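*Asks:* need a structure here:
(chains A, B, C and D)
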There are 2 protein chains.
Amino acid sequence: MIRVLVVDDQELFRDGIAMLLESQPDLELVASAATGEEAVAAAEASRPDVVLMDIRMPGLDGLSATERLLTAPVPPGGAAPRVIVVTTFRRDEAVARAIRAGASGFVTKDAHPEFLLAAIRTVHAGQAVIAPAATFDLLARFSQPVREARPDLIAALSPREKEIFLLAAKGLSNAEIAADAFVEETTVKTHVGSILAKLGLRSRVQVVAFAWEHGLVG
Amino acid sequence: MIRVLVVDDQELFRDGIAMLLESQPDLELVASAATGEEAVAAAEASRPDVVLMDIRMPGLDGLSATERLLTAPVPPGGAAPRVIVVTTFRRDEAVARAIRAGASGFVTKDAHPEFLLAAIRTVHAGQAVIAPAATFDLLARFSQPVREARPDLIAALSPREKEIFLLAAKGLSNAEIAADAFVEETTVKTHVGSILAKLGLRSRVQVVAFAWEHGLVG
DNA sequence: GCGGAAATCCTCCGAAAGTCGGAGGGGCGC
DNA sequence: GCGCCCCTCCGACTTTCGGAGGATTTCCGC
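*Replies:* A predicted model of the protein is given here:
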């Protein structure tokens, strides 16, 4: 049995979830809460496997409650619950915050019931789910910058040069790099010179831009 | 009825999908294909609503086939099919490519049947789905950089200074900026000087890092 | 009209960065 | 062993930068 906790300030929504869960042989509603504070207490008392967490609630909001739930100490033998953030409106920012808060899932209330049930089971299985409606935002964000790390671009550099490269990319001066790498400044200059030559750059300023552009720092 | 096309070089997988779809009253398997070329032809002939597309196939692979499907002209009154990319191994790169190819969904073959069914219905409803297993990659990528544009940070700069700032952030030297902005190099120096003072930086190298760090270039 | 901000240009200076040639030592392959 | 590459360092030179002066014009607001 998957033990579920529902957190939502709307009684109607909680009741709906209760009925939905009752119809499933493998799901069990162990508690419900109407505020973030109640949610934290209920989670501690009933140790659910999965928490359905609304965002907009009086008092402690769902995202903050999620953070607390996931940072709270777990008793020996227990495990932190998986949190699915449930919200009415899909908003880009909310998805990002939910993910940062440590939620395993993000679904909207307009999702089909079977999708919600599938999400509970999937999350309980240790995987993550992003709701259809919210996925578009993710996709949009994901498909645009896509600045992937390209370590291959500095593959031509010798180990020491890579090291110097990364330090220079952080904005350090030759003297600072020298201190950091325990060598003389002249040595740093030599390395920087060959780095510039190998990468086809003209100044350390371009090194910084190059590094950021190709995801080698950040 | 949602018309489905299955594309996979494994006959067993196609048969499994066929059986799964048969058990659903609202889903209908209208065609199947074993290669990318067949998929494109089958899609044109049977005009499915949703295409389940494997990636690894002999000949035209699934991602390329997806691109073709979605860029192909649609007959009047028709609509391009929604494509769900199905693959055995979740790979970060594959997700990214699938999204870029225009796929509406990405699921792995180890997903529960009901998840796949839910995905078909959701995608047909015009939304997007990312499979649990692949979502983790997205989450990881999404939750780390999240470097949002902060134009407010250079709000203190005058218009001309902002201009110079952006040119300097690209790695240009004073002389290059001067040529680009049709002013003397001394003027550029003056501007750079006040930029550094206003932003609390010590060199143009830090300007580059600052700009990238806060999403002002890229 | 007057103050102030912005933009343009100048000179002078010191510090940092980059270039060039040279040079010694260590490791690795043929 | 010999060549090759890497790492280390040196000195001297040129260029670029950044800072500190000062100067002019324009434009805007009070």
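*Asks:* now the helices for chain A?
*Replies:* With helices called from DSSP state H, chain A shows them at A:11-22, A:36-46, A:62-71, A:92-101, A:113-124, A:132-143, A:159-169, A:174-181, A:185-199, A:204-213.
*Asks:* quick check: A:Ala72 touching A:Ala41?
*Replies:* No - when contacts are counted by Cβ atoms under 8 Å, A:Ala72 is not listed as touching A:Ala41 (10.7 Å). Where you see a C-beta, it was placed from the backbone N, CA and C, and this is true even at glycine.
*Asks:* wouldn't A:Gly105 be in contact with A:Ala119 here?
*Replies:* Yes - counting by Cβ under 8 Å, A:Gly105 does reach A:Ala119; the two are 5.4 Å apart.
*Asks:* what's around A:Thr122, how many residues?
*Replies:* By other Cβ atoms under 10 Å in any protein chain shown, 26 other residues sit near A:Thr122.
*Asks:* measure it to B:Val183 for me?
*Replies:* Look at A:Thr122 and B:Val183: by Cβ to Cβ, to the nearest Å, they are 60 Å apart.
*Asks:* now do A:Met1
*Replies:* Taken as Cβ to Cβ, the span from A:Met1 to B:Val183 is 73 Å.
*Asks:* same drill for those two, tell me which one is more crowded.
*Replies:* Neighbours were tallied for A:Met1 and for B:Val183 using other Cβ under 10 Å; the higher tally belongs to B:Val183 (15 against 10).
*Asks:* for that one, give me its contacts.
*Replies:* For B:Val183, the contact set (Cβ atoms under 8 Å, 6 or more residues apart in numbering or on different chains) is empty.
*Asks:* check A:Lys170 too.
*Replies:* Residues in contact with A:Lys170 (Cβ under 8 Å, 6+ apart) are A:208, A:217, B:209.
*Asks:* again with A:Phe13
*Replies:* By Cβ under 8 Å, 6+ apart, the contact list for A:Phe13 reads A:6, A:54, A:109.
*Asks:* kindly report the same for A:Arg68.
*Replies:* Applying Cβ under 8 Å, 6+ apart, the residues near A:Arg68 are A:36, A:40, A:60.
*Asks:* out of these, which is most surrounded?
*Replies:* Counting neighbours by other Cβ under 10 Å, A:Gly36 leads these with 26 neighbours.
*Asks:* tell me the pLDDT of that one.
*Replies:* With respect to pLDDT, A:Gly36 scores 91.
*Asks:* now it: closest residue in space that isn't a chain neighbour?
*Replies:* Counting by Cβ to Cβ, 6 or more residues apart in numbering or on different chains, A:Gly36 lies nearest to A:Leu60, which is 2.7 Å off, once chain neighbours are set aside.
*Asks:* over to A:Ala43?
*Replies:* Leaving aside its sequence neighbours, A:Ala43 sits nearest to A:Leu69 (Cβ to Cβ, 6+ apart; 5.4 Å).
*Asks:* cool, A:Phe115 as well?
*Replies:* Per Cβ to Cβ, 6+ apart, closest to A:Phe115 is B:Ala118, 5.0 Å.
*Asks:* quick check, the one you found in contact with A:His112.
*Replies:* Yes - B:Ala118 lies in contact with A:His112 (Cβ under 8 Å); the separation is 7.1 Å.
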